[in-house]
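Chemist: A predicted structure for the sequence below; I have some questions about it.
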Amino acid sequence: MKHSRWLVVALGALSVPSIALVVKRFYWLGSDTLRPRVVARVNESVITVAELQEQSNFANRMLDRWKREMPSISNDPTSLLGNIIDCKLLLQEAPLFEIDVDKDLSDLINEISKAARVKDEEQLKGIITADGINFDLYKANLKTSLIGRAIAREIVGEPIVVTDYEEQEYYKKFGSGFEEAEQVHLSEILIAPHLAGGLIPRQGMRDSRLVAARDKARKLLEQIRKGASFKDLARDESNGPSAKEGGDIGWFKRGTLAQPLEDIAFSLPRGGVSDEIFTRQGYLILKVIEHKRAGIPPLAEVKTQVEEAVRFLMLRRILRDHLFRLRGLSFIDVKSGNVDKWALEGALDPSHALMKAASLLLAAMIVIILNYRLVFREES
């Protein structure tokens, strides 16, 4: 039914292009004096200088943060307006496909919050805003990415099946992109002395509450070495935010932990448990769940990521063709002095808007996960 409705709309637009363009050009000319700061119009939507600048600032901020993990990544400022135009087209078309991604967006925000080890969207907003990133724009770009994927899936009409051959070919060509630094998957038990302010002052080394915390950590360590479940003890006894997950705090690459903690964690074998470690949050016990060496993992270990990458490329090609058609059916007027790169070089890939939104999503997750590990960021 959704496809039939879209076909009717598309055929209707094709049957009266001249009338539509005359009406829209009249509206554009009439609003030109009323909106002197408009740089482009996309059907009934406008793109202002302020929006262009806001998106530019957002992209630059995200890329600056991402370059810490991927120094070779770069930004092409000449494509910015074309990206925004394509995003406007996607947002305008969502109602025609009856697409509503609000729940998907909420689920995604919750997933990112969980990965960042914060309890809700408000705390996530605090982290992102602290990095100088506009949270509302961050959410809007995530939503556009979700809409683009949903539209591509609607066009396909059925799940995309990725074959083993396609996975193998992709891995042969792009396997180096999965190269990983040495990393460990850790669990923790934190025994905090519950001092005012949460952090232990350097002069408070002899505080009786700190001594009690140390003794408790040592007793738990003794139980673990006698065979007690680390996960159960973490869930029942840990004062850290990871307690409800059984102490699981995820993966850490070399260079992301405080040096004393890194030295200990990377020296332990798989399944190894540290002695109690003094930190300014209290006494910490670490367990290495897994330890991956640096290098390119075998296809079997990255099969899920490869499959998703192949599927994404397929959706990207579908969306590319669809955006070509949308641009042909739409009224796009760019003010003199501005450049719609994808109108000039559209054959390259007008689905760049979706790719940029997806890249920003990945960048945001990397930034959040790597920068919000309070226990490991504090001085030990």
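Modeler: It's in.

Chemist: CA atoms for contacts and neighbours, from now on please.
Modeler: Noted.

Chemist: was I right about Ala213 contacting Pro193?
Modeler: Yes - using CA atoms under 8 Å, Ala213 is in contact with Pro193, at 5.5 Å.

Chemist: Between these two, point out the one with more neighbours.
Modeler: Between Ala213 and Pro193, counted using other CA atoms under 10 Å, Pro193 has the larger neighbour count: 22 against 19.

Chemist: so how far is Leu261 from that one?
Modeler: 20 Å (CA to CA, to the nearest Å).

Chemist: Please apply the same query to Asp232.
Modeler: 23 Å.

Chemist: Those two: which has the busier surroundings?
Modeler: Leu261 (19 against 15).

Chemist: State the phi and psi torsions of that one.
Modeler: Per-residue torsions, Leu261: phi -70, psi -40 (degrees, to the nearest 10).

Chemist: change the start of the numbering to 32 and stick with it
Modeler: Understood, numbering begins at 32; the last thing we discussed is Leu292.

Chemist: so what's it scoring on pLDDT?
Modeler: pLDDT, Leu292: 92.

Chemist: Output the below-cut-off pLDDT ranges for the stretch 132-281 of the chain.
Modeler: Along the stretch 132-281 of the chain, segments meeting pLDDT under 70 span 148, 225-237.

Chemist: Strands along that one, start to end?
Modeler: With DSSP state E, counting those that start in this stretch as the criterion, the stretch 132-281 of the chain has strands at 214-222, 279-284.

Chemist: In terms of secondary structure, what does the one helix or strand Ala90 maps to contact?
Modeler: Assigned by DSSP states H and E, Ala90 belongs to helix 80-97. Under the contact definition 3 or more CA pairs under 8 Å, 6 or more residues apart in numbering; DSSP states H and E, helix 80-97 sits against helix 111-124, helix 383-402.

Chemist: Confidence-wise, which of these is weakest overall?
Modeler: helix 383-402 (a mean of 45).

Chemist: max-length strand in this structure?
Modeler: As assigned by DSSP state E, the longest strand anywhere in the chain is strand 313-323.

Chemist: Show the average pLDDT along that strand.
Modeler: Here the average pLDDT along strand 313-323 is 93.

Chemist: list the helices and strands that strand packs on?
Modeler: strand 214-222, helix 239-256, helix 290-296, strand 308-310.

Chemist: What are the buried residues along the second one?
Modeler: Judged by neighbour count using 16 or more other CA atoms under 10 Å, the buried positions of helix 239-256 are 241, 244-245, 247-249, 251-252.

Chemist: quick check: angle from the top helix by length along the chain to helix 111-124?
Modeler: Ranked by residue count and defined by DSSP state H, the top helix of the chain is helix 334-360. When axes from the mean of the first three to the mean of the last three CA atoms, to 10 degrees is applied, the directions of helix 334-360 and helix 111-124 differ by 90 degrees.

Chemist: ok, back up a step: and of the helices and strands packed on strand 313-323, who's closest to Arg347?
Modeler: strand 214-222 (31.4 Å; CA to CA).

Chemist: Run through who's touching that closest one.
Modeler: Applying CA atoms under 8 Å, 6 or more residues apart in numbering, the contact partners of strand 214-222 are 244-245, 247-248, 264-265, 268-271, 273-274, 277-285, 296-297, 312-325.

Chemist: Regarding Leu299, what is its secondary structure?
Modeler: Following DSSP: H, G, I helix; E, B strand; the rest coil, we place Leu299 in the coil state.

Chemist: Quick check: bridge partners of the closest residue to it other than its chain neighbours?
Modeler: Distances taken as CA to CA, 6 or more residues apart in numbering put Val319 closest to Leu299, at 6.7 Å, once the chain neighbours are dropped. When assigned by DSSP bridges, Val319 has beta-bridge partners Leu217.

Chemist: Contact partners for Val319?
Modeler: Counting by CA under 8 Å, 6+ apart, Val319 has contacts 215-218, 296, 299-304.

Chemist: Now a PyMOL select for only the buried ones of those.
Modeler: This is the PyMOL syntax for the buried subset of the contacts of Val319, where burial follows 16+ other CA under 10 Å:
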select buried, resi 215+216+217+218+296+299+301+304
